[in-house]
Structures are given as C-alpha cells and as structure tokens.
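[1] Whatever this is, show me its structure:
(one chain, ligands or ions: 2)
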Amino acid sequence: MAARSRALTAPHVFRPGSHSPVRVVVLASGTGSLLQSLIAAAVGDYPARIVAVGVDRDCAAVAHAESADIPAFRVALREYPDRDAWDRALTAAVDAHQPDLIVSAGFMKILGPEFMGRFGGRIINTHPALLPSFPGAHAVPDALAYGVKVTGSTVHLVDSGVDTGPVLAQEPVVVLEDDDESSLHERIKTVERRLLVDVIAAVATRGVVSDGRKAVIPSDRT
Ligand SMILES: Nc1nc2c(c(=O)[nH]1)N[C@@H](CN(C=O)c1ccc(C(=O)N[C@@H](CCC(=O)O)C(=O)O)cc1)CN2
Ligand SMILES: NCC(=O)N[C@@H]1O[C@H](COP(=O)([O-])[O-])[C@@H](O)[C@H]1O
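    Ligands and ions are numbered 1, 2, ... in the order given. This is a model prediction of the structure:
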C-alpha cells in the first residue's frame, strides 16, 4: 500500500455535519484579538459562525463577544471543588451550544478527559510557536530565552496531551534582534489571526482526516 494511503488510514475523521455554516464555540482567556479576527471573518459566505464564546476568567474576550451579540459564558476553575468538576461544567456549557467545532484561541487551560471525550477530534488550537518546539503556556518567552532565530504559529488539533495534537498548519515568524516578548508575540499574532481564519474555513468546508499523529485537510480536488 502506498505510504500516503497508509498515513491516512484514519480512525479520526471530522466531516462538516448537517449545519452549514458550521457552528463554532470559541474558547479564550485573554485579550481576545484572535477572537476578534474570527468574529470579523465569520460573516457572509464564510463557512462558519461563532455561536458562543467561553472563557475561564474575566477577560476582554467577553466584551468582544457581547459587542457582536454572541453569547458568552465563564467557567472558572476557582469556582469548582476540583479540576474534574470544572471539566464537567465546561463540557456541559459548551455542549449547550451544539457546536460542530471548538476553537481554542488563547484559552489558557488544559482541556480535561470529559471535554476530550465529548469533543475530541473537532477541537482546534492555535499556538504561538512552531510545535513541537516550545509547548505550554509560555511559548513566546521560551523561544526568546532559547535564542531561536525563527519561531512562528501552529494551528493543530487538540488531543489529551499538551500541544501534542496533529498539526493542521504552520507559518514561520523571524525573531528580530531587538525583539522583546511583546513585539515578537504581536508579530506572531498577526500571522495567527490570518492562519486561524483560513484553517477554520478549510476544515468547515472540507473536514479533517487524521490518524492521531498526522492530519490532513482533504484538497478540493475531487
Ligand atoms: N488537552 C489540551 N488542552 C489544551 C491544549 C492542548 O494541547 N491539549 N492547548 C491549550 C492551549 N495552550 C497552548 O497552546 C496551553 C494553554 C495553557 C497551558 C497550561 O499549562 N495551563 C495551566 C494553567 C495556566 C494558567 O491558568 O495561566 C493549566 O491548565 O493548569 C498549556 C498549554 C488549550 N487547551
Ligand atoms: N499556549 C496557549 C497560548 O499561548 N495561546 C496564545 O494566546 C494568544 C491569545 O491572543 P489574544 O488573546 O490576543 O487572542 C495567542 O497568541 C495564542 O496563540
């Protein structure tokens, strides 16, 4: 069997379901500029609509949702007795909006087993580094501290690990000599805002095929 077809023997397939445009719940924890880009893009012929925004803390992302008349909900870990209870509550809160896709756009919590069991295979995250380099919550300062000359943006499927899911798209960003965390992160975000919008549109239109390690968005070629 050719290597390619072997690589695409797929236990996991996301196909655009009955909803067109597909229903997307966006998860965020901070400024929400990536959310803003998705809100701005999700109009007209764009094949996805944001049906709700979920946050784990009070943050500016809520205001962006409200400005766009998109329902927002908060599920804060500190309001639950333990992580499992928070995981169940977040799963229920997202499920209530009947999403086809979940997008983590700066969501700063590891999604737990309940959430992965319910939505696994259709959760997309954007990470401000070229995974597998610099996983975790501090990718940009970690890249600067290491002294890399090139970092970038990764959009990937989320799995139960931390930033270990199959890669959907990546784009490099050069590190400048006078970069600090803020300047480098802003240049990465500029790439992320475009890349995330493009990947969500591609997945919403053509789905994803993944063997758990590699993922492919089938080409348009019929
Ligand atoms: N199961 C998964 N959940 C999430 C992933 C993932 O790959 N698998 N990606 C994250 C987003 N992310 C990096 O892109 C990330 C965010 C947060 C952390 C982290 O260590 N969080 C700590 C708390 C940090 C805080 O509250 O400031 C934690 O969850 O305890 C690592 C990676 C989205 N979810
Ligand atoms: N590891 C997760 C992580 O670092 N996520 C990052 O948070 C930022 C959110 O920006 P925003 O709040 O302006 O949308 C983005 O750069 C995203 O990649």
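
[2] from here on, contacts and neighbour counts on C-alpha atoms
    Fine.

[3] So which bits of stretch 16-31 are buried?
    Judged by neighbour count (16 or more other Cα atoms under 10 Å), stretch 16-31 contains these buried residues: Pro16, Pro21, Val22, Arg23, Val24, Val25, Val26, Leu27, Ala28, Ser29, Gly30.

[4] hmm, that stretch in reach of ligand 1?
    No: on the criterion Cα under 6 Å from any ligand atom, stretch 16-31 is out of touch with ligand 1, staying 8.5 Å away.

[5] Could you do stretch 142-160 as well?
    Yes: Stretch 142-160 reaches ligand 1 (Cα under 6 Å from any ligand atom) through Val158, Asp159, Ser160.

[6] Is any residue of the helix or strand hosting Asp198 near ligand 2?
    Using DSSP states H and E, Asp198 sits in helix 181-206. Yes: counting by Cα under 6 Å from any ligand atom, ligand 2 is contacted by helix 181-206 at Lys189.

[7] before we move on, what about stretch 128-143?
    Yes: applying Cα under 6 Å from any ligand atom, one finds stretch 128-143 in contact with ligand 2 at Pro128, Gly136, Ala137.

[8] got a list of contacts for stretch 36-45?
    With contact meaning Cα atoms under 8 Å, 6 or more residues apart in numbering, stretch 36-45 is reached by Ala48, Arg49, Ile50, His64, Ala68, Arg193, Arg194, Leu196, Val197.

[9] Can you tell me the SS state at the third one?
    So that's Ile50. strand (DSSP: H, G, I helix; E, B strand; the rest coil).

[10] List the residues that contact it.
    Arg23, Val24, Val25, Val26, Leu38, Ile39, Ala42, Ile70 are the contacts of Ile50 under Cα under 8 Å, 6+ apart.

[11] What distance do you get for it to ligand 2?
    For Ile50, the distance to ligand 2 equals 15 Å [Cα to the nearest ligand atom, to the nearest Å].

[12] Turn the buried residues of stretch 16-31 into a markdown table, including pLDDT and distance to Val167.
    Conversion of the buried residues of stretch 16-31 to a markdown table gives the following (pLDDT from 0 to 100; distance: Cα to Cα, whole Å):
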| residue | pLDDT | distance to Val167 |
| --- | --- | --- |
| Pro16 | 73 | 19 |
| Pro21 | 94 | 23 |
| Val22 | 96 | 21 |
| Arg23 | 97 | 22 |
| Val24 | 98 | 19 |
| Val25 | 98 | 20 |
| Val26 | 98 | 19 |
| Leu27 | 98 | 19 |
| Ala28 | 98 | 20 |
| Ser29 | 98 | 22 |
| Gly30 | 96 | 23 |
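
[13] wait, which of those is closest to Arg57?
    Ser29 (6.2 Å; Cα to Cα).

[14] Note down every partner strand of whatever helix or strand comes next after the helix holding Asp198 and its orientation.
    For helix 181-206, the succeeding helix or strand toward the C-terminus, using DSSP H and E, is strand 208-210. Using DSSP bridges, strand 208-210 pairs in its sheet with strand 12-14 (antiparallel), strand 215-216 (antiparallel).

[15] Compare these and say which comes out lowest on pLDDT.
    In terms of mean pLDDT, the lowest-scoring of the strands paired with strand 208-210 is strand 12-14 (a mean of 66).
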